[in-house]
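K.L.:
my questions concern the predicted model and sequence given below.
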Protein chains: 2
Amino acid sequence: MKIKLNRQSDQSLINQIANILAEKIRSGALEEGSQLPSIRKFSKENQVSHVTVSKAYTLLEKNRYICLEHGKGAFVRKKEQRKSIEDSKSRNYDWQLAIPDYIQRSQYMLNLAPENSIKLSSAIINPGLLPSTYLTKEINQVLQDDSQIVARYGPIQGDYEVREVIRKYLELYCQFKTISSEIIITSGVQQGIDLVARTFIGPGDIVITEAPTYTAALDVFRNRGAHIIPIPVDEEGMQTNILATLCLTKKPKVVYTIPTFHNPTGTVLSKKRRIDLLELAQRNGFLIIEDDSWNEIYFDDSLPPPNIKSMDNSGHVIYLKGFSKVLAPGCKIGVAVSNGTVHQRLLTSKSCTDLGSPLLTQKALIPFLSSNRMNKHLEKLRIALEIRRDQAIALLEKYAPEGVKWAIPKGGLNIWVTLPSSGNTDELLLKAQQSNISFLPSSACYPSEPHYNHMRISFSYLDDQKLEQGIIELCKVMELYFHEIKPNNNSV
Amino acid sequence: MKIKLNRQSDQSLINQIANILAEKIRSGALEEGSQLPSIRKFSKENQVSHVTVSKAYTLLEKNRYICLEHGKGAFVRKKEQRKSIEDSKSRNYDWQLAIPDYIQRSQYMLNLAPENSIKLSSAIINPGLLPSTYLTKEINQVLQDDSQIVARYGPIQGDYEVREVIRKYLELYCQFKTISSEIIITSGVQQGIDLVARTFIGPGDIVITEAPTYTAALDVFRNRGAHIIPIPVDEEGMQTNILATLCLTKKPKVVYTIPTFHNPTGTVLSKKRRIDLLELAQRNGFLIIEDDSWNEIYFDDSLPPPNIKSMDNSGHVIYLKGFSKVLAPGCKIGVAVSNGTVHQRLLTSKSCTDLGSPLLTQKALIPFLSSNRMNKHLEKLRIALEIRRDQAIALLEKYAPEGVKWAIPKGGLNIWVTLPSSGNTDELLLKAQQSNISFLPSSACYPSEPHYNHMRISFSYLDDQKLEQGIIELCKVMELYFHEIKPNNNSV
């Protein structure tokens, strides 16, 4: 078999031979099962060394084009052999298991709670508490006034009008002034976190989070290969003095914080610590992601301290806020507010991610957000959730086994429940699930070595009756669980 | 100054000293401008070595807490000094320039063409060709029937009903059968590409693309640190024989292809090469991203070959399709269809990215997609775009300077125009922009060393008059440009 070789080519003779033979096999010019010339013969006919031909044959075998049979020679593989094992129906996709990936699984797991279970794990607001009738009417009007909304792309940064409305909202409800050109519309806060991460966080970069913190944020940072360092939380939120110490020797790039009604603990970062944190950012040149999802949901008429962004005049804070949870989950609109080149760079990333959020969901919120209805809605929502919080706390007080503790949250959707140190909420969850109840175990909330004896229960999603049923049942499960683990404790 | 040191602590004495002093400075216990004890004195009082104190002072200086003045001693920095230069209003954000990031800029740049320019660069469909009146009516009806759509989160994977409608659509218009559980709803094709990249592509992983290819896909792969290897395109699309050669020695992880009406060249991957590509994937265990954005937009009644996914029974193909461009840009709905664990893993990533696309934009498309209107709409759209293509080609034939070539696209939105090899469309673009015209220069479309003598012009966005004006003007600019560069050619 004489083939054309190009001795001036960049490609090695080995690759050229393998390639030409592979092409002949693929095209059928060399039939299945037929024998290739011996190495000796091939090398003579084409004036190449034995070693070259031998290496080319080995390469073809490795790529499953031919079989080398000892003492017999080289044969073109039959097609079914070439396609390896994957034709057998039941194992069709097994090859996929060999593909490594870069994903984190914890958040996804959480969403696998069975559809019909009592989800104390759901930190979302019951749809019945949201103004869907008004919103629906308003969307109809918006579409009637401009039917081409569905046919247009909005700007990558977000529709100008909605940014302007949100700018006013931020001034009114979040006590800080910005300009609409510094606002980027995101598909919820989750995308905001993701945007910052994909822009600024890469392998080995140091990211600081509270410990515990929001599980899905951890997933995002891990996905970027960050080195995540946890800072513990006490009654006043993130312990900034520990962060200060850390900054003496390490160089954090990003600090992610939920200062107001922290998820999952419900704590509020004190004003002094907010100032400390910002000063540390200025001194050490790191960025702060301020996840301010809950500031409007305060109870007992006690307004939280001003957000960190409102004190930031140096562009250290990237402020994230969403309008999904408190207003319209079906629209998933959030914002990222930042300054200078940080803003420009986030905008570039937004372009890579999805070329901009849908125009329909942006335009949909304009009438409600810009009317006084939003104010009234928030007032009602606070009252409704405060009642639920009180109900949940009352139930815990009545039914929780001895030794179980919790803090009364001053806002937000969650209660952070603490078991005696011998308790393990991963174990407890397995038992709760048998009773058709789910909650968020603390193990999901720590970037490194987790605490196991806490859990987050949310009072915002379930209706009154289910909430009562859920907490009472959960307390029973705890009671049983404590009985089970007691002997072990004694034996230690 | 006697301070409390813990000689049993994990923290070094240096860090403990620095930390305690920093705390005193932050709290004001040590006043601005005040002098710290000398190293000798401090070391004596606290029974630590001179070296330890000296190192702690140096650490404090590095962190801008104190100044070490030679021969005088250590002083607490004044606050304005500590805050460095960033208080001067105009330079507030300069510190940000020191933050490295992980983003690519090419796509973003493209979107910066001035709002009022004649955008031959816009590969989107004129809103007037989209059925916005119908869609708007239908959305109103959908919201009337279920006003809680805005108040609910949909499943992360996407609303079941819309997945079922799209499943049928894929069977009808894209000739392949799937099941709705294998469909993930994405925010457009761009998010689909991004999902695959963040799931499967990491630093150094080999990604194959056509050369040229879709600019924004390159940005996404680069952002993940991929090693991108280009495979040239000829009249039959990606040259799969070159890929086969490459596979003999390299191990691609993902091959990204736009087989039908390829962006930017408009070519169609031949059926034989589709089979080749899939066989290579099966033999070498790589994934294929099949970006099938345009298959419905075929001209001259010539249906494109079956998509690769329709031949895939081993789960090698991740099929991406969008309903933004051909139907409703304002909704930004797309799908990723895949199998086995690849599907599961994409779903996990979708969870990390945004916890699911908005329910409103999903539900909005159900009536139109499931009615016969979609069929009629596509028929009309094909005719309208075919007319535009013919118009654009006729204008090029009439006005383009000698030596300029193009292929007549059989579908899609673009014409790939080739200048003589001495031409450079980056240079040409600068001149075109002066005449208020933009197009996509080929330099943006190559993963490595680019070709400079091509450009993509889109005929789908501009109205007839602007299209005519734009192409005539562009041809004039080319004419002038060729005159300018001619002397240079002769002098070489």
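P.N.:
Great, that's in hand.

K.L.:
how about the helix or strand hosting A:Lys376, does it reach chain B?
P.N.:
Assigned by DSSP states H and E, A:Lys376 belongs to helix A:373-399. No: judged by Cβ under 8 Å from any Cβ of the partner chain, helix A:373-399 and chain B are separated, with a smallest distance of 11.7 Å. (Each C-beta comes from the backbone N, C-alpha and C, glycine too.)

K.L.:
what's that helix packed up against?
P.N.:
strand A:414-418, helix A:464-491 (3 or more Cβ pairs under 8 Å, 6 or more residues apart in numbering or on different chains; DSSP states H and E).

K.L.:
now it, how far from the chain's geometric center?
P.N.:
Put simply, helix A:373-399 sits 28 Å off its chain's centre (Cα atoms, centre = their mean, to the nearest Å).

K.L.:
mean confidence for that helix?
P.N.:
What helix A:373-399 shows for mean pLDDT is 96.

K.L.:
who are the packing partners of the very next helix or strand once past that helix?
P.N.:
Where DSSP H and E defines the elements, the next helix or strand beyond helix A:373-399 is strand A:405-406. Under the contact criterion of 3+ Cβ pairs under 8 Å, 6+ apart, strand A:405-406 touches strand A:414-418.

K.L.:
tabulate the helices and strands packed on helix A:373-399 (a markdown table), appending distance to B:Thr178, mean pLDDT and mean neighbour count.
P.N.:
A markdown table is the format used below for the helices and strands packed on helix A:373-399 (distance: least, Cβ to Cβ, whole Å; pLDDT from 0 to 100; neighbours: other Cβ atoms under 10 Å in any protein chain shown):
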| stretch | distance to B:Thr178 | mean pLDDT | mean neighbour count |
| --- | --- | --- | --- |
| strand A:414-418 | 39 | 97 | 23 |
| helix A:464-491 | 36 | 87 | 15 |
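
K.L.:
returning to what we had before: got the angle between the helix holding A:Lys376 and helix A:464-491?
P.N.:
Note on geometry: by axes from the mean of the first three to the mean of the last three Cα atoms, to 10 degrees, helix A:373-399 and helix A:464-491 are set 40 degrees apart in direction.

K.L.:
any idea of the angle helix A:373-399 forms with strand A:414-418?
P.N.:
20 degrees.

K.L.:
ok, and for helix A:373-399, which residues are buried?
P.N.:
Within helix A:373-399, the residues scored as buried using 16 or more other Cβ atoms under 10 Å in any protein chain shown are A:374, A:377-378, A:381-382, A:385-386, A:388-389, A:392-393, A:395-396, A:399.

K.L.:
which parts of the stretch 301-450 of chain A are helices?
P.N.:
Using DSSP state H, counting those that start in this stretch, the helices of the stretch 301-450 of chain A run over residues A:340-354, A:359-370, A:373-399, A:425-434.

K.L.:
okay, those helices in JSON lines with distance to B:Met1 next?
P.N.:
Shown next, in JSON lines, are the helices of the stretch 301-450 of chain A (distance: least, Cβ to Cβ, whole Å):
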{"stretch": "helix A:340-354", "distance to B:Met1": "40"}
{"stretch": "helix A:359-370", "distance to B:Met1": "55"}
{"stretch": "helix A:373-399", "distance to B:Met1": "47"}
{"stretch": "helix A:425-434", "distance to B:Met1": "46"}
